[in-house]
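Student: Provide a 3D model corresponding to the input given below.
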Amino acid sequence: MKKPDILAATLLTIIFFSACGKKIAPILIAPQNTVIIADSICFERHIEPLLQICGTCHNKINPPLTTTLISYSDFVTNIDSIINATQARRMPKNGPYFSQGEVDTLIAWRTNGEKLCQ
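Tutor: Below you'll find the predicted structure:
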């Protein structure tokens, strides 16, 4: 199934279940074209791998940068700035930039309570 077909099927499913009065969790199409339930996004499994590149520059040994991004608390504190910078394609400086699916995953993680994996 091609990506547009997956998205169309997803939208039809959401419309159908909404019309039937059933509550469903929002979903995302991840970069690898896999479906992730937004409620299940957690730091170690979905967010940390995306943000490992941040720590290559934003670390304690790189003095010109004032923001350290190496721990869960660093990311929670700075998630809005991270989302804004990745959406605007200001970060990462040396690319590759995050895909829209990756940015959507960051937004869903923030929206759903910035969970750690269980």
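Student: for the chain, which spans come out with low pLDDT?
Tutor: 1-37, 62-65 (pLDDT under 70).
Student: run the last query once more with 50
Tutor: Within the chain, the segments meeting pLDDT under 50 span 1-31, 33.
Student: how about the helices of it, start to end?
Tutor: 3-19, 48-51, 72-87, 100-111 (DSSP state H).
Student: tell me which residues in stretch 68-76 are buried?
Tutor: Thr68, Leu69, Asp74, Phe75 (16 or more other C-beta atoms under 10 Å). The way it works is simple: take the backbone N, C-alpha and C, and place the C-beta from them, glycine included.
Student: how much space is there between Gly55 and Pro92?
Tutor: 11 Å (C-beta to C-beta, to the nearest Å).
Student: before we move on, what about Ser73?
Tutor: Taken as C-beta to C-beta, the span from Ser73 to Pro92 is 21 Å.
Student: His58 now?
Tutor: 10 Å.
Student: Compare the two (neighbour count), which wins?
Tutor: His58 (20 against 17; other C-beta atoms under 10 Å).
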